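# pasting a predicted model and its sequence here:
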Amino acid sequence: MTVLAVSNLSKRYRRGGKPFAAVDDVSFEIGPAETLAVAGPSGSGKSTIARLVLRLLEPDAGRIQFEGADLLILSGAALRARRARLQMVFQDPLAAFNPRSTVARALDDPLRIHGIASRSERPRRIAALLERVGLDAGLAARAIHEISGGQRQRVAIARAIATRPSLIVLDEAVSALDVSVRGQILDLLLDLQRQERIAYLFISHDLGVIRALAHRIVLLEAGRVAESGDARTVIASPQSAVGKALVAATPRLNRIKTP
Amino acid sequence: MTALLSIRDLTVRYRREGVEVTALKGISLDVEAGERLAIIGESGSGKSTLALAVAGLLAEAAEVGGSIEWQKPRSSHSVTASHFQPLGGRDIGFVFQDPSFSLDPVMPVGKQIAEVARTHLNLTWREAYAKAKTLLGRVRLPDSEAALRAYPHQLSGGQKQRVAIAAAIAAAPKLLIADEATSALDTIVQAEIVSLIRGLVNEDGLTLAFISHDIALAATLAERIAVLRHGELVELGDTDQILNAPRHAYTRMLLDAHLGLDAKPLLDRQGASA
Ligand SMILES: Nc1ncnc2c1ncn2[C@@H]1O[C@H](COP(=O)(O)OP(=O)(O)OP(=O)(O)O)[C@@H](O)[C@H]1O
Ligand SMILES: Nc1ncnc2c1ncn2[C@@H]1O[C@H](COP(=O)(O)OP(=O)(O)OP(=O)(O)O)[C@@H](O)[C@H]1O
Ligand SMILES: [Mg+2]
Ligand SMILES: [Mg+2]
């Protein structure tokens, strides 16, 4: 059983008049409770894949199957019902929210739209969601632009888990978080995966984080799959040129070990 | 070295509808001319607030106490030392944490960069565009000719962030404040940007305030590291001292929590697998 099966996906854009492939014949699968990492240099097509999977973009070719259904032919109520099971956390949290909306409103919307909790129940749900991502319930009344970048990213994660999805697409979701909050969020993601069998499509440039969290990895270069396999094996001994370069450029902490 | 700016007892409170958040509590810090200073600390510790305060970009609702004094620039004789007001764009380049904040969504990125150069360097549009193109090459944007005409939504997250860096350095500012500017960039581009920034500091006499949550990255770039926690400056020292002889328990925690390529995977720690 797979949660998501992507086959032969392609998307072309034009740059300076010339067409180029942002995503070029990409295939992969994700099973329940599995984390597949997608890594690759800036501009290699990671976010484009995320947007295609979420149907925010139409592919030029390829198939996307989500929970056994062809995502590309669903529409209307059937698509909306699936949407609740397929959530996302974007790279650019400010662009993903209405900045004037409050934190409470951003979390109330999915609970209301997908009929997950009654009006009287929702404030309690919102407080519980904030607590799960390590935020103070007092933040609920603040506007999205009145919280810090990392706090905003955690609100986005709280919103994504609100509808109990089977797959969450996370695009650089923890890149701007400090180590302590990031550790907390990674633990939360692992807990959710274990308890609710959520699968993750985890886009990140951070190989350290990928190693810690992901089961498998797909490495992209210029829209194509350069290499894929077990996450730790690939990171420990990359075969592709781009894999080798990404590993070599990872900043290392040159510390003399302190006791 | 002389201080480019002296921050004394800086306190910032955000207030709205009776709710008050103290984001910075009595920060005192000198930023030396020509240095590379990193500011690290956990989410909500006040890093962005400190950067915005230095750049004079805090929201109206923020209440500011203490002082930020700029060294009188040698070239400008019309201002008195204590009243020198740096100008955003010309004296301070700012790269925001979220690139949607830096870039105008309805203007081609080449024009946005050229505009900074034209306004502050008295260039013609033609010269400013040539400068923009050079800058896009320097931040390693592929096909800089085509990139000049791209709108922000046509660029990837990392490409937008690189455009924001190009715009921030377009007027050759004295101080570059980079707020998580490379957090979402892959390690190859990140390393290139780090060496670009290092070059700007060495060759153009730029001063750098680099905000990052990544202590390993901060250490590759900075000579000094300031550690913020809950709005307070808990530790300030040379990079070497911070890494090898941290004085504060919180700094040690940050070092230990670093997820390097040799860390034990969380998956194992919790005994899970698909
Ligand atoms: N405009 C605002 N109104 C009210 N509170 C604010 C505002 N901006 C920031 N804050 C609060 O001030 C504190 C410090 O925020 P700041 O953005 O400086 O943190 P940061 O260290 O940059 O965090 P991050 O790493 O998450 O970006 C946080 O508690 C935040 O919620
Ligand atoms: N709407 C668009 N029009 C034209 N080109 C686009 C558009 N969106 C993305 N691109 C281009 O497609 C390529 C892939 O972009 P994508 O956002 O998927 O990269 P990415 O791997 O997520 O990079 P990053 O790590 O920088 O976020 C890039 O070269 C980008 O400039
Ligand atoms: Mg992206
Ligand atoms: Mg910040």
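Nice, I can see it. Ligands and ions are numbered 1, 2, ... in the order given.

# alpha carbons only for contacts and neighbour counts from here, please
OK.

# which SSE is B:Ala178 in?
B:Ala178 is part of strand B:175-179, with elements assigned from DSSP states H and E.

# and that strand, what does it pack onto?
helix B:47-55, strand B:92-95, strand B:207-211 (3 or more C-alpha pairs under 8 Å, 6 or more residues apart in numbering or on different chains; DSSP states H and E).

# can you tell me the average pLDDT over it?
Averaged across strand B:175-179, the pLDDT comes to 93.

# and stretch B:220-238, by the same measure?
On average, stretch B:220-238 scores 95.

# what's the answer for stretch B:32-40, then?
The average of the pLDDT scores along stretch B:32-40 is 94.

# and chain A, is it touching that?
No. Under the criterion of C-alpha under 8 Å from any C-alpha of the partner chain, chain A is not reached by stretch B:32-40; the shortest gap measures 8.5 Å.

# A:Ala248: neighbouring residues, count only.
Counted by other C-alpha atoms under 10 Å in any protein chain shown, the residues lying close to A:Ala248 total 12.

# in chain A, which residue is closest to the centre?
A:Leu170 (0.9 Å; C-alpha atoms, centre = their mean).

# who does the helix or strand where it lies pair up with?
Following DSSP H and E, one finds A:Leu170 within strand A:167-171. Here strand A:167-171 is paired, per DSSP bridges, with strand A:86-89 (parallel), strand A:199-203 (parallel).

# beyond that strand, next helix or strand please.
Sequence-wise, the next helix or strand downstream of strand A:167-171 (DSSP H and E) is helix A:179-196.

# any residue of that following helix touching chain B?
Yes. Judged by C-alpha under 8 Å from any C-alpha, helix A:179-196 comes into contact with chain B at A:179-181, A:183, A:187, A:190, A:194.

# looking at the residue nearest to the centre of chain A now. What's its pLDDT?
At A:Leu170, pLDDT is 95.

# ok, it - contacts?
Going by C-alpha atoms under 8 Å, 6 or more residues apart in numbering or on different chains, A:Leu170 touches A:88-91, A:200-203.

# just the residues you listed that are near ligand 1?
By C-alpha under 6 Å from any ligand atom, no member of the contacts of A:Leu170 lies near ligand 1.

# tell me the least confident of these?
Within those, pLDDT is lowest for A:Gln91, at 73.

# where in the chain is the helix or strand with the lowest mean pLDDT?
Reading this off chain A. helix A:93-96 (a mean of 74; mean pLDDT, DSSP states H and E).

# if you could check chain B rather than the one you did, that'd help
Ranking chain B's helices and strands by mean pLDDT, DSSP H and E puts helix B:266-269 last, a mean of 64.

# low-confidence ranges, chain A, go.
Applying pLDDT under 70 to chain A flags residues A:254-259.

# nearest to ligand 4 within it, name that residue for me.
Per C-alpha to the ion, the residue of chain A with the smallest distance to ligand 4 is A:Gly149, at 4.9 Å.

# for ligand 2, which of the helices and strands packed on strand B:175-179 is the nearest?
Closest to ligand 2 of the helices and strands packed on strand B:175-179 is strand B:92-95 (C-alpha to the nearest ligand atom; 15.7 Å).

# toward the C-terminus, what is the element adjacent to the closest one?
That would be, after strand B:92-95 and using DSSP H and E, helix B:99-102.

# how about the strand or helix carrying A:Gly229 and chain B, touching?
Taking DSSP H and E as the criterion, A:Gly229 maps to strand A:224-230. No. With C-alpha under 8 Å from any C-alpha as the criterion, chain B is not reached by strand A:224-230; the gap is at least 12.1 Å.

# just the CA atoms of that strand, as CSV, please.
What follows is strand A:224-230, C-alpha atoms only, in CSV (Å, rounded to 0.1, in the frame of the first residue of the first chain):
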residue,chain,number,x,y,z
ARG,A,224,15.9,15.1,-12.6
VAL,A,225,16.5,12.4,-10.0
ALA,A,226,20.3,12.1,-9.6
GLU,A,227,20.2,9.4,-6.9
SER,A,228,17.8,7.8,-4.5
GLY,A,229,17.9,5.2,-1.7
ASP,A,230,18.2,4.7,2.0
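
# using PDB, write out the CA atom coordinates for the least confident helix or strand of chain A.
Provided in PDB are the C-alpha atoms of helix A:93-96 (Å, rounded to 0.1, in the frame of the first residue of the first chain):
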ATOM      1  CA  PRO A  93       5.300  31.100   5.900                       C
ATOM      2  CA  LEU A  94       4.600  34.800   5.500                       C
ATOM      3  CA  ALA A  95       3.200  34.200   2.000                       C
ATOM      4  CA  ALA A  96       1.200  31.200   3.100                       C
END
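
# quick check: closest non-adjacent residue to residue 25.
Went with chain A since none was named. A:Asn8 (4.2 Å; C-alpha to C-alpha, 6 or more residues apart in numbering or on different chains).

# right idea, wrong chain: chain B
B:Thr11 (4.7 Å).

# look at the residue in the stretch 151-259 of chain A that chain B sits nearest to and tell me its secondary structure.
With C-alpha to the nearest C-alpha as the measure, A:Ala212 is the residue of the stretch 151-259 of chain A nearest to chain B, at 3.8 Å. Three-state assignment for A:Ala212 (DSSP: H, G, I helix; E, B strand; the rest coil): helix.

# continuing past the least confident helix or strand of chain A, what's the next helix or strand?
Defined by DSSP H and E, the subsequent element after helix A:93-96 is helix A:103-113.

# check which helices and strands the helix or strand following that next one is in contact with.
Using DSSP H and E, the helix or strand that follows helix A:103-113 towards the C-terminus is helix A:122-132. Packed against helix A:122-132, as judged by 3+ C-alpha pairs under 8 Å, 6+ apart, are the following elements: helix A:103-113, helix A:149-161.
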